[in-house]
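Student: just a sequence and a predicted model for now, questions to come.
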Amino acid sequence: MSTIVTMEEAQAKLPELVAHLDTGEELIITLDQKPVARLMREQASLRKPRKAGSAKGKLVILQEDDEHLKDFAEYM
């Protein structure tokens with residue numbers, strides 16, 4: 001479903017227009033009766049926020065290997 005508004009109306013009421021958008025609904029802004037912009041509400045993220053330290057204990061270092069660092073000495 002689309003809602004069509006003029007540029008003037010969008011400038012005057014943008015916060016209210018955006019607040020009333022449902023997920024997947026679009027707001028089309030026109031200038032001189034021609035579409036110039038389209039706004040859509042973002043879908044809520046289904047992914048949980050990352051948490052510091054959540055991978056702790058998942059990496060196992062089998063052997064310390066500082067030998068390869070010699071190749072990068074000029075960069076350090």
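Tutor: Nice, thanks for sending it over.
Student: nearest the geometric middle of the protein, what residue?
Tutor: Most central in the chain under CA atoms, centre = their mean is Glu42, positioned 8.4 Å from the mean C-alpha point.
Student: that one and Ala55: what is the separation?
Tutor: In this view, Glu42 and Ala55 are 27 Å apart by CB to CB, to the nearest Å. For glycine as for every other residue, the C-beta is placed from the backbone atoms N, C-alpha and C.
Student: distance between stretch 28-46 and the chain's centre?
Tutor: With CA atoms, centre = their mean, to the nearest Å as the basis, stretch 28-46 stands 16 Å off its chain's centre.
Student: typo on my end, it should be stretch 16-23
Tutor: 18 Å.
Student: how long is that stretch end to end?
Tutor: Stretch 16-23 has its terminal residues 15 Å apart, counting by CA to CA, to the nearest Å.
Student: and the strands in this protein?
Tutor: Along the chain, counting by DSSP state E, strands occupy 2-6, 26-31, 34-40.
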